[in-house]
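J.: Sharing a model prediction with you, sequence too.
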Amino acid sequence: MIFKLLEFKTFGDERGSLISLESKKNVPFEIKRIYYIFDTKKDVVRGKHAHKNLQQILIAVKGSCKVLVDNKNDKKIFELNNPAQGLYIENNVWREMFDFSSDCVLMVLASEIYIKEDYIFDYEEI
Ligand code: TYD
């Protein structure tokens, strides 16, 4: 039930920047799924759930958004606005994503394929 901000190494030279993400290296799990959220409308709140068995890393590869994470012992709001940072979220952590900039592309790396039954929509159940 943990969450923490990870810092990724940026390879930069006169051409620009590059970040590489590898399973079991700078990503602490086997990546089975990647999805990204973009064109998010103003005042939208996404997420509002936890997972029974899923680790994720959220990366604002462009723009910014905020993520509230709550494991019932600890509750925090992170602002993601740097492609070199990823918010790691374990299972049983409630999350809400909001305050998306209009250009925000939020990329999510997940340790499992999409399984509807893995979602916990009731905060009291985490
Ligand atoms: P949803 O769970 O509402 O996204 P969020 O957690 O950001 O609020 O997902 C939106 C739709 O996309 C919903 O119909 C389920 C579908 N979906 C998939 O088919 N595969 C996936 O990997 C994800 C994350 C969502």
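T.: That came through fine. Numbering: from 1, shown residues only.
J.: which one in the protein is furthest away from the centre?
T.: Glu14 (29.4 Å; CA atoms, centre = their mean).
J.: Distance of that residue relative to the ligand?
T.: 37 Å (CB to the nearest ligand atom, to the nearest Å). Just so you know, the C-beta spots here come from the backbone N, C-alpha and C atoms, and that holds for glycine as well.
J.: Lys52 now?
T.: For Lys52, the distance to the ligand (CB to the nearest ligand atom) stands at 14 Å.
J.: Which pLDDT value belongs to the nearest residue to that residue once chain neighbours are set aside?
T.: In this structure, Lys52 finds its nearest non-sequential neighbour in Asp118, 5.1 Å apart by CB to CB, 6 or more residues apart in numbering. pLDDT, Asp118: 98.
J.: What residues does Asp118 make contact with?
T.: Taking CB atoms under 8 Å, 6 or more residues apart in numbering, we find Asp118 in contact with His51, Lys52, Asn53, Leu54, Glu112.
J.: do the same with Pro28
T.: Pro28 is in contact with Gln55, Tyr88, counting by CB under 8 Å, 6+ apart.
J.: same question, the one 3 residues further on
T.: Contacts of Ile31 were listed using CB under 8 Å, 6+ apart, and they are Leu21, Ser23, Leu109, Ala110, Ser111.
J.: could the residues you listed go into JSON lines alongside secondary structure and pLDDT?
T.: Listed next are these as JSON lines, based on DSSP: H, G, I helix; E, B strand; the rest coil; pLDDT from 0 to 100:
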{"residue": "Leu21", "secondary structure": "coil", "pLDDT": "98"}
{"residue": "Ser23", "secondary structure": "strand", "pLDDT": "98"}
{"residue": "Leu109", "secondary structure": "strand", "pLDDT": "99"}
{"residue": "Ala110", "secondary structure": "strand", "pLDDT": "98"}
{"residue": "Ser111", "secondary structure": "coil", "pLDDT": "98"}
